[in-house]
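Chemist: no FASTA, just this:
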């Protein structure tokens, strides 16, 4: 019987596909259901506001979508190379979260000409999507593993 947790290549692929599908499905659901737009959920904690982001985080560098397709694709290739040196489970999950999220946002840039952002937390200054969420969580996991756990997250120590 196949145990996906023992096959790191298969598990990594499944994580990337899972993150990508959550991102794409959530964006498509929100786009196709305008009745959700500009409403608050969970005691006004989460709002749904759709924006077309041609820039990067916090809307910086707007209007450079073609540049970010190329730049993010190069970063993605670097991540695929870099993941070969991952030793710990925390960094393994983190790098695959980042890759899945990056693929989701690159997909948007190619398909729509912008990234679809729609999650608006009242306390947070930017609107984001699930790809951004997974990228942030993945980066956090890599940083925690490398600087606080010191178990060989980014390679042998």
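Modeler: That came through, no problem. Because the structure is predicted, anything quoted here is derived from the model rather than measured.
Chemist: just for this structure, where's the confidence low?
Modeler: 1-5, 58-59, 150-157 (pLDDT under 70).
Chemist: Wait, residue 100 touches residue 14, no?
Modeler: No: applying CB atoms under 8 Å as the test, residue 100 and residue 14 come out as separate, 9.9 Å apart. Bear in mind the C-beta positions are built from the backbone N, C-alpha and C, glycine included.
Chemist: neighbour count winner among the two?
Modeler: When residue 100 and residue 14 are compared for neighbours, residue 100 comes out ahead with 26 against 14, by other CB atoms under 10 Å.
Chemist: so what's that one up against?
Modeler: 15-20, 23, 131, 134 (CB atoms under 8 Å, 6 or more residues apart in numbering).
Chemist: One more: residue 27?
Modeler: Taking CB under 8 Å, 6+ apart as the contact definition, residue 27 lies against 108, 116, 118, 129-130.
Chemist: and the residues you listed as CSV, adding neighbour count?
Modeler: Listed next are the contacts of residue 27 as CSV, based on neighbours: other CB atoms under 10 Å:
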residue, neighbour count
108, 23
116, 23
118, 20
129, 26
130, 21
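Chemist: JSON lines for those residues, including distance to residue 37 and secondary structure?
Modeler: Output for those, formatted as JSON lines (distance: CB to CB, whole Å; DSSP: H, G, I helix; E, B strand; the rest coil):
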{"residue": "108", "distance to residue 37": "18", "secondary structure": "helix"}
{"residue": "116", "distance to residue 37": "12", "secondary structure": "strand"}
{"residue": "118", "distance to residue 37": "8", "secondary structure": "strand"}
{"residue": "129", "distance to residue 37": "14", "secondary structure": "coil"}
{"residue": "130", "distance to residue 37": "17", "secondary structure": "helix"}
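Chemist: Closest to residue 94 out of these?
Modeler: residue 130 (15.7 Å; CB to CB).
Chemist: quick one: residue 138 and residue 132, what's the gap?
Modeler: According to CB to CB, to the nearest Å, residue 138 and residue 132 sit 11 Å apart.
Chemist: Find residues that contact each of the two.
Modeler: Common neighbours of residue 138 and residue 132 (CB under 8 Å, 6+ apart) are residue 101.
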